[in-house]
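>>> Sequence first, predicted model second:
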There are 2 protein chains.
Amino acid sequence: MRSVLLVAAAAAAKQPPLWPLPQNYSCSTQKLTVIPSPAFFRVDAGNDVLAAAAKRYIPLAFPHGWGAPGVGLPALSVVVDDGVGATERAARRPRRADDAGALYPALGDDESYKLRITATSATLKARTVWGALRGLETFSQLVAYNFDTATYQVVACTIQDAPRYPHRGLMVDSGRHFLPVATLLHVVDALPFAKLNVLHWHLTDTQSFPVETPSRPSLWRGSFSKRERYSVEDVKRVVERARLRGVRVVPEFDTPGHAESWCSGYPGVCPSPTCKTPLDVSKAETFAVLDDVLGDAAKLFPDAFVHLGGDEVDTSCWASTPSIQQWLRAVLRARNWTTADAYSYFVSTAAKIARSHQKRPIQWAEVFDEFGATLDKSTIVHVWKLSTNITEVVENGYDCLVNVGYVADSWYLDNLDVTWAQAYASDPRATVPPHLQTKVLGGHGEMWGETVDGSDFDATVWPRLAAIGERLWSSVDDVDAAWPRLEAFRCLLLERGVGAAPLNNSMARAAPVGPGACTQRRRRI
Amino acid sequence: MRSVLLVAAAAAAKQPPLWPLPQNYSCSTQKLTVIPSPAFFRVDAGNDVLAAAAKRYIPLAFPHGWGAPGVGLPALSVVVDDGVGATERAARRPRRADDAGALYPALGDDESYKLRITATSATLKARTVWGALRGLETFSQLVAYNFDTATYQVVACTIQDAPRYPHRGLMVDSGRHFLPVATLLHVVDALPFAKLNVLHWHLTDTQSFPVETPSRPSLWRGSFSKRERYSVEDVKRVVERARLRGVRVVPEFDTPGHAESWCSGYPGVCPSPTCKTPLDVSKAETFAVLDDVLGDAAKLFPDAFVHLGGDEVDTSCWASTPSIQQWLRAVLRARNWTTADAYSYFVSTAAKIARSHQKRPIQWAEVFDEFGATLDKSTIVHVWKLSTNITEVVENGYDCLVNVGYVADSWYLDNLDVTWAQAYASDPRATVPPHLQTKVLGGHGEMWGETVDGSDFDATVWPRLAAIGERLWSSVDDVDAAWPRLEAFRCLLLERGVGAAPLNNSMARAAPVGPGACTQRRRRI
């Protein structure tokens, strides 16, 4: 163990204390004093995202107050320049914006940045505000407080950085346990610390339907209780908090399986009171409700994607419900269908409805396993089973998201025996031919909520999600070199109020085994 | 089980949805609409504590935004009147205040309040700002958001309330694991939700000395790492956050045992490099360092109390260290002492030093077990062992704090097998003769930190600390009646971002066992 420690320490010595590691960096050992002030981050005041970030990153970079007076770097200049001339820019509309012109992040937005810190100046350049946010996070991690001198220090560095994957996310499940808005805001705050940019919000499941859908106001009768609900205003708060952090929020309404909770408000969309799911494929009402739900979602969630679920559909209720049997017999006869085709009909109709609301559908990989190459090419295939042949998915032209451990362990964070090192060893495109690798958009830590609520969310998710974050952003894969940096990042998460569990747990979210440092190695100074 | 549920539900129906339950209340079932606004809480603008509370309680009472327009109660008038005439008040200094005149809470401050909510007006009256804070918390818990109508509602109530015990606290241990400032601020935010008013901050222990002591700047070399430290500014932030919430912060510097971390900075105060603790009783340097530490603490912590520890002192290092042996032989001969007297000498000297800094000492009950009635009468005895005879303590004139389960289980929150119901069944003064019960000031949930850091703090502490909170505030003791109220309070804690664990865990801080409501009972509406 001693030799492993020494090797890790040597590798770490060459890497700056950043998580995730930038693509290119050159850092000296020269420590520079930084003089904090409320106006430290000099940004374009006309941009609301940057203005909010400049304020937010003051306590993140300078968590111990203003420190002792001194001489040093007084500012970080943040410059966003998309390389487009002013005239041309004026003629363009923002790529994705709400009615008030607010900028939203979108898949593929340029998140690159350049950070240059010298003894005389510090400059951050990016082509978009989202790149600037990533650079601000990097800068905040480079700043260290020296308790002995009561000053903040950075090392002189030149960093050029950009993500490996454009889609880097966390799925949260508010169907199995209600996750209060406070928890969601806290999650959204933490994602950018690991340069994650997507919150995939699995809103509903068999156990509960917590969210308000104004056109179908009875649906949230399927909530666990009258207080365990999200109003439209609640959702807006989460989306706005995410937007300001460059985090996309992709809602999921999982159908036709995982949807028993829909029956509370609209019993008509379910096969029968005793056999409730999958939703009734035979009724127009089912698709009318889904259309309304996705229409409401399209208004609430500015993201270009919507997740339609489609997983784990057991069609036995369809087979056993007389009215559906009758419909099935009729259409099967008329169109030469099998029951499996009825499933395909459901999920393809759902996808059409999504597209009619100008949303690109994501569906769990069963839809590909079922349709193969006949699936609409705009669909994003969310691969979660080892049995799905990912190479086949991308060869057939589909973009995909991957959480499967083809080469190591999966990114299912509710699997408590997956260690951070195992998650770190996975790579979504590891088994995909080089010329098709860009079809793999990225992946998620998947936080299924059966045993997760606000009481254990952080410790279940972190620090393993950070390991996933580095995998998706950086081009390094050395677990030994990552280890001390991740330990330090865990300390940072704790300092920022994120309850990341110890790294060396036998099982995720287990308590620390005894007294010790945040790195779990007692260090005497 | 069904009959228990029914009984509990019946009892709960008579109680308003408040935790802890007020001493006196009369609530109708009439629901009144409340119209939220940023100026809803009308307070005396000249008082910084109340002004901050009026702002803070807006999102706590109205967490789902401003709701739909409507007609209803537009304000809660908050009146603080100490019954003293203006002339007399002008002549008085605040009881405890810093140089800038800021008010601090103190033991015995009047926390009573009267809350009256009718169809036409809502008024909160208190004799101190602290009472007003308690009443604001009560009001915020009475407000419920109706998702269906998008309006806030309260029931018409008349409440007269005051605490049973003046000292209601939580001990946190930043010696075994560093608790970041973010964690401490979060803890301080949550204490008033359960009407707790003391944070007992066990700052140092054998494993680490994380806090800055400006007169003895080498002491925090005993921190776990260079980043796991509290600067003076950090401590000030915690104290100020607490002050604004009516929470006293009582620091503890535990000596002469539990103090090995002191040796890192000042090896001279420890017997020897191989036998480090208890601190060296024979050296003037030991008491000079302690004097400086307590002097620094007196400047940082405005509270009238300081905790000196004094527990679990194994004097074998004194017996085995030649220089201490020599000193012991000399003083034992001169004063007819035993080695136990040397322990008494240490802790009584510590108490004298505390008093010289105008602080009243709290010490763990070993000091009483050792001194008996010769202990200085100003000392507060902190009883933590069943072997301490609490009746004897109070009969001898000492005030005390109690976490021992004389009649049920203890309030050691790191004992994971203590359920909320067992904690609830304990009462600090249960075994004390009626005429001496006021000598029992109250008690704490004791959160020893061996397996607790920022990753599992909330789930370890809550909801059991809430059970302790009601015990210390209210005059009820019916577990069945408390149960549904505590379940609802757990939901509230989660909604406010506090990670309270499920109530019916087999062990504290265990994860939810499966999908379900925050109350763990699946409720269809």
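Cool, the structure landed. A quick note: this is a predicted structure, and the numbers were derived from the prediction, not measured. Numbers count the residues shown, from 1 in each chain, chains lettered A, B, ... in the order given.

>>> where's A:H200 relative to A:R248, distance?
9 Å (C-beta to C-beta, to the nearest Å). All C-beta spots, glycine's among them, are computed from the backbone N, C-alpha and C.

>>> nope, A:P69 is what I was after
If you go by C-beta to C-beta, the gap between A:P69 and A:R248 works out to 42 Å.

>>> So between those two, which is more surrounded?
Ranked by neighbour count (other C-beta atoms under 10 Å in any protein chain shown), A:P69 and A:R248 place A:R248 first, with 25 against 8.

>>> so what's the more buried one up against?
A:Y104, A:P105, A:A106, A:L107, A:N197, A:V198, A:L199, A:A242, A:D303, A:F305 (C-beta atoms under 8 Å, 6 or more residues apart in numbering or on different chains).

>>> buried subset of those residues?
Buried members of the contacts of A:R248, counted by 16 or more other C-beta atoms under 10 Å in any protein chain shown: A:Y104, A:P105, A:A106, A:L107, A:N197, A:V198, A:L199, A:A242, A:D303, A:F305.

>>> who in the stretch 201-350 of chain A is up against chain B?
A:205, A:207-208, A:212, A:217, A:220-221, A:223-229, A:231, A:233-234, A:237, A:264 (C-beta under 8 Å from any C-beta of the partner chain).

>>> repeat that for 10 Å
Counting by C-beta under 10 Å from any C-beta of the partner chain, the residues of the stretch 201-350 of chain A close to chain B are A:205-208, A:210, A:212, A:217-218, A:220-234, A:236-237, A:261, A:264-265.

>>> Take those residues and keep only those in helices.
Residues of these located in helices (DSSP state H): A:V232, A:E233, A:D234, A:K236, A:R237, A:S264, A:G265.

>>> can you put the residues you listed in TSV and add neighbour count, pLDDT and distance to B:G497?
Formatted as TSV, those follow (neighbours: other C-beta atoms under 10 Å in any protein chain shown; pLDDT from 0 to 100; distance: C-beta to C-beta, whole Å):
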residue	neighbour count	pLDDT	distance to B:G497
A:V232	17	97	21
A:E233	14	97	18
A:D234	22	98	14
A:K236	14	98	18
A:R237	19	98	13
A:S264	19	96	28
A:G265	20	96	29
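
>>> of all those, which comes closest to A:H177?
A:D234 (16.0 Å; C-beta to C-beta).

>>> hang on, isn't that closest one packed against A:T183?
No: in this structure A:D234 lies outside contact range of A:T183 using C-beta atoms under 10 Å: 11.7 Å.

>>> On the three-state scheme, the residue nearest the centre of chain A is what?
Nearest residue to the geometric centre of chain A (C-alpha atoms, centre = their mean): A:G169, 2.1 Å. The assignment at A:G169 comes out as strand when based on DSSP: H, G, I helix; E, B strand; the rest coil.

>>> Need the pLDDT of the nearest residue to it once chain neighbours are set aside.
Excluding its sequence neighbours, the residue lying closest to A:G169 (C-beta to C-beta, 6 or more residues apart in numbering or on different chains) is A:V198, at 3.1 Å. If you check A:V198, the pLDDT there is 98.

>>> Leaving out the residues flanking it, which one is nearest to whatever residue of the stretch 201-350 of chain A ends up closest to chain B?
Closest to chain B within the stretch 201-350 of chain A is A:F224: 3.7 Å, counting by C-beta to the nearest C-beta. Leaving aside its chain neighbours, A:F224 sits nearest to B:A517 (3.7 Å; criterion: C-beta to C-beta, 6+ apart).

>>> circling back to that earlier point, what sits in contact with each of A:H200 and A:R248?
A:H167, A:G169, A:D303, A:F305 (C-beta atoms under 10 Å, 6 or more residues apart in numbering or on different chains).

>>> Count the residues that sit near A:N336.
8.

>>> related to what we said a few turns ago, save the shared contacts of A:H200 and A:R248 as CSV, and put in pLDDT too.
Converted to CSV, the shared contacts of A:H200 and A:R248 look like this (pLDDT from 0 to 100):
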residue, pLDDT
A:H167, 98
A:G169, 98
A:D303, 98
A:F305, 98
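
>>> who's in contact with the residue nearest to A:G169?
A:105, A:107, A:166-171, A:191, A:242, A:247-250, A:303, A:305, A:401, A:441-444, A:472.

>>> and it, how far is that from A:L191?
8 Å.

>>> Give the residues shared as contacts by those two.
With C-beta under 10 Å, 6+ apart as the test, A:V198 and A:L191 both reach A:R168, A:G169, A:L170, A:A242, A:V247.

>>> Most widely separated two among these?
Checking the shared contacts of A:V198 and A:L191 with C-beta to C-beta, the most distant pair is A:R168 and A:A242, at 13.4 Å.

>>> Give me the neighbour count for the spatially closest residue to A:A122 that is not a sequence neighbour.
In this structure, A:A122 finds its nearest non-sequential neighbour in A:L76, 4.5 Å apart by C-beta to C-beta, 6+ apart. Applying other C-beta under 10 Å, we find 26 residues neighbouring A:L76.

>>> Surely A:L76 and A:R42 touch.
Yes: under the criterion of C-beta under 10 Å, A:L76 makes contact with A:R42 at 6.9 Å.

>>> Find residues that contact each of those two.
With C-beta under 10 Å, 6+ apart, A:L76 and A:R42 have common neighbours A:A54, A:A122, A:T123, A:L124.

>>> neighbours around A:D110, how many?
A:D110: 15 neighbours (other C-beta under 10 Å).

>>> do the same with the one 5 residues further on
Using other C-beta under 10 Å as the criterion, A:L115 is surrounded by 24 other residues.

>>> low-scoring stretches of the stretch 401-525 of chain A, by residue?
A:521-525 (pLDDT under 70).

>>> For the stretch 51-200 of chain A, which segments are assigned as helices?
Here the stretch 51-200 of chain A has its helices, by DSSP state H, counting those that start in this stretch, at A:86-91, A:129-142, A:181-190.

>>> Can you add distance to B:A425 and give those back as TSV?
Shown next, in TSV, are the helices of the stretch 51-200 of chain A (distance: least, C-beta to C-beta, whole Å):
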stretch	distance to B:A425
helix A:86-91	69
helix A:129-142	48
helix A:181-190	31
